[in-house]
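Visitor: Below are the sequence and a predicted model for it; my questions follow.
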Amino acid sequence: MNRETHPSVGGTLEDFLEGLGEREEVYGAAIKRVLAWEIENARKQRSLTKSEMATRMGTSRTQVKRILDPHNVSVSLDTLEKAARSVGKKLKIELVDA
């Protein structure tokens, strides 16, 4: 097998995902998983319960569970910011060249 007969051989994962048209979706899901993991770790380090976190955010415990669910990618930036602040962190978003 070579690259000419099998285009996925020798390419990057980014090239493969781009070819499938799924690169942005995969990246978005990965970012959400990392944020959920970081917020959950900060919550545990501060010995906060999910109920205490919800109170700090002005929301329900059910909403906190959704935010911390790494597979739930439909969480707004505003909600992520509130979650970060509730555990003593700040959400930083940066626009960089591709």
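Guide: Yes, it's here.
Visitor: who touches G88 in this structure?
Guide: A42, R46 (C-beta atoms under 8 Å, 6 or more residues apart in numbering). For the C-beta atoms, the positions are set from N, CA and C on the backbone; glycine is no exception.
Visitor: Go again with 6 Å.
Guide: By C-beta atoms under 6 Å, 6 or more residues apart in numbering, no residues touch G88.
Visitor: Which of the three states applies to it?
Guide: coil (DSSP: H, G, I helix; E, B strand; the rest coil).
Visitor: how close does it sit to P70?
Guide: Separation of G88 from P70 (C-beta to C-beta, to the nearest Å): 21 Å.
Visitor: Can you report how many residues neighbour K32?
Guide: Counted by other C-beta atoms under 10 Å, the residues lying close to K32 total 19.
Visitor: Excluding sequence neighbours, find me the nearest residue to it.
Guide: V73 (4.7 Å; C-beta to C-beta, 6 or more residues apart in numbering).
Visitor: now do T59
Guide: K82 (7.5 Å).
Visitor: per-residue confidence at that neighbour?
Guide: pLDDT recorded at K82 is 96.
Visitor: got it, and L13?
Guide: At L13, pLDDT is 64.
Visitor: Appreciated, that's everything.
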